[in-house]
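K.L.:
Please work out how this folds:
(one chain, ligands or ions: 2)
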Amino acid sequence: MTSTPSPQQVHDLVGIGFGPSNVALAIALHERRPSASQPAPSGLFLERQADFGWHRGMLLEDATMQVSFLKDLVTTRDPASDFSFLSYLHQVGRLHDFINHKTLFPLRTEFHDYLAWCAGRVADQVVYGHEAFAVEAVRDDSGRISHLDVLSRNAEGKVRRDRARNLVLAPGLTPRLPAGLTDSARIWHSEHLLHRLAELGPQAAPRRFVVVGAGQSAAEVADHLYRAFPEAAVDAVFARYGYSPSDDSPFANRIFDPQAVDAFYDAPQEIKDEIMGYHRNTNYSVVDPDLIDALYRRVYQDRVNGTERLRLLNTSRVVSVEERPDGVTVTVEHLPSGKQTPIEADHVVFATGYRAADPRDLLGDLARHCLTDTAGRPVVQRDYRLATTDEMTCGVYLQGGTEHTHGISSSLLSNVAVRVGEILASITARAPHGEPVPAGGVPGPLKEHV
Ligand code: FDA
Ligand code: NAP
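P.N.:
Ligands and ions are numbered 1, 2, ... in the order given. Alright, predicted model coming up:
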């Protein structure tokens, strides 16, 4: 184990990951006014990317947001904040143009720029290019775990250690490939699409792509490849009969409201499962209706023109993938007939979704202090704090990975602004019961437990 020196400063919170969730938290910290009785809490965030980036591999130039711009990083917590999307538009001189556009759904590229603008304004709180790889307990005199040390390393392997009273884990989603497959030169997850395409170089002339899945990512990837490679065919493979529309009707949309979190949190498990079942189609395995129409138009135009560049292999599944240096054979089974057909392709893109990171992976030995439910999942309190044994008095908070406790907005932007307000309120409310927030320097007799 590494022997980096003890940190000189104790942070009220250390955040792992600096995507939208923790950028929103950094903003909430930045906006927090210190009072005479309570200094403003201090935060430090670790981000493995060299700079701010939000799903850059899927930053397709005309993809739009799946959430209203009003659900930016601050507005639903504090409509007067100058970190809003509207403030950003004002700052970059596009406010009137955006108003005339009459849309609630900006381009993803534009929202990326907004997020980067926010991240830049709180850059004093983040250390980029550092991947957190371990968390160690620091015990007080009574032997309880009062602090945590977060170990991270940069690309050169240099390790840094940051000490925290509270940890806020926001590592985002992990791309999910079907069992037995790994990312390779010809087998890609949609998350990396633009990076893999850039690696192909200008001379590449792919003849056929296979795209697996029927969610928003799959539809966007099929659409992008069809348009970016006019000489190539695109085979979309999925088990459904057709792409199905996302439900963003107003009553169903209430599932993303902060109040819905309260109702979901308090519900018994069978009701939670039922709610998720009813409203899964607000987010998972569904596609924006405008994109469905655009794809249908392409298929129909192709038929009129006697070509078939975009083939929908519906009610089908991939049964095997064989990669060779010069291509990949994807065998597709038509589910109703059981007929199997090999397809020769240049690349296969699995737009097969994501899974939430398990906080216990990063916590290592400390994971044994996390309480679990009957299904073995972490118990998470309403304030997003992991429920732990009494031995652990410091806080570990989750942004993401709480769908089983807090509902469907867990991995989305919808509730980020309100959630960070709740987390910060919890951290500050707990502070007086622990040690006083120091002006700097390690307070009290702490023992390292490595
Ligand atoms: P996010 O994944 O954005 O950020 C996590 C960060 O943590 C990353 O920057 C990562 O590098 C870093 N990290 C991870 N492990 C680390 C470690 N060990 N050490 C240091 N850093 C680490 N939702 C929505 O509401 N509306 C939308 O329009 C969209 N659009 C959308 C498009 C695409 C293509 C995808 C894949 C997803 C969406 N989403 C979405 C859902 C998406 O989860 C959401 O927009 C945010 O990315 C969630 O923000 P987070 O900060 O929680 O995770
Ligand atoms: P998703 O909604 O989870 O869809 C995954 C798709 O892959 C589903 O069709 C699923 O089929 C299929 N699938 C899963 N495992 C499979 C396997 N082993 N074999 C074959 N097919 C498999 O994932 P997503 O489309 O990536 O969307 C994830 C999130 O990102 C959503 O919140 C979405 O809104 C967001 N997103 C937003 C944008 C945007 O803002 N423009 C763009 C992309 C994504 P089943 O239905 O049969 O399980």
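K.L.:
Would you map the helices across the stretch 151-300 of the chain?
P.N.:
193-200, 216-228, 250-253, 258-266, 269-279, 289-304 (DSSP state H, counting those that start in this stretch).
K.L.:
which of those helices is buried the deepest?
P.N.:
With neighbours taken as mean count of other C-beta atoms under 10 Å, the helices of the stretch 151-300 of the chain reach their highest mean count in helix 216-228, at a mean of 22. C-beta: built from backbone N, CA, C; applies to glycine.
K.L.:
and stretch 221-231, C-alpha only, in PDB?
P.N.:
Presented in PDB, the C-alpha positions along stretch 221-231 are these (Å, rounded to 0.1, in the frame of the first residue of the first chain):
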ATOM      1  CA  VAL A 221     -26.300   5.900 -33.100                       C
ATOM      2  CA  ALA A 222     -28.200   4.400 -36.000                       C
ATOM      3  CA  ASP A 223     -29.300   7.800 -37.200                       C
ATOM      4  CA  HIS A 224     -25.800   9.200 -36.900                       C
ATOM      5  CA  LEU A 225     -24.100   6.400 -38.700                       C
ATOM      6  CA  TYR A 226     -26.700   6.400 -41.500                       C
ATOM      7  CA  ARG A 227     -26.100  10.100 -42.100                       C
ATOM      8  CA  ALA A 228     -22.300  10.200 -41.500                       C
ATOM      9  CA  PHE A 229     -21.500   7.200 -43.800                       C
ATOM     10  CA  PRO A 230     -23.700   7.600 -46.900                       C
ATOM     11  CA  GLU A 231     -22.000   4.500 -48.500                       C
END
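K.L.:
Grab the most central residue of the protein for me.
P.N.:
Against the mean C-alpha coordinate of the chain, by C-alpha atoms, centre = their mean, the closest residue is G172 at 3.5 Å.
K.L.:
just checking, it touches I16?
P.N.:
No - if you go by C-beta atoms under 8 Å, G172 and I16 don't touch, sitting 10.1 Å apart.
K.L.:
any idea how far the closest residue to P378 other than its chain neighbours is from ligand 2?
P.N.:
Closest residue to P378 apart from its sequence neighbours, by C-beta to C-beta, 6 or more residues apart in numbering: C370 at 5.2 Å. Distance of C370 to ligand 2, given as C-beta to the nearest ligand atom, to the nearest Å: 26 Å.
K.L.:
Now for C370: which residues touch it?
P.N.:
For C370, the contacting residues are 359-360, 363, 378-379, 386-388, 396, by C-beta atoms under 8 Å, 6 or more residues apart in numbering.
K.L.:
Just the ones in helices from those residues, please.
P.N.:
Counting by DSSP state H, the contacts of C370 place 359-360, 363 in helices.
K.L.:
which of these lies closest to Y300?
P.N.:
P359 (47.0 Å; C-beta to C-beta).
K.L.:
quick revisit: contacting residues for the residue nearest to the centre of the chain?
P.N.:
G172 makes contact with 17, 19, 21, 357, 400 under the criterion C-beta under 8 Å, 6+ apart.
K.L.:
Go again with 6 Å.
P.N.:
G19 (C-beta atoms under 6 Å, 6 or more residues apart in numbering).
K.L.:
Could you do E391 as well?
P.N.:
Contact analysis of E391 by C-beta under 6 Å, 6+ apart lists R144.
K.L.:
what does stretch 201-218 rub up against?
P.N.:
Stretch 201-218 has contacts (C-beta under 6 Å, 6+ apart) with 190, 221-222, 225, 229, 232-238, 240, 243, 285, 287, 318, 330, 345-352.
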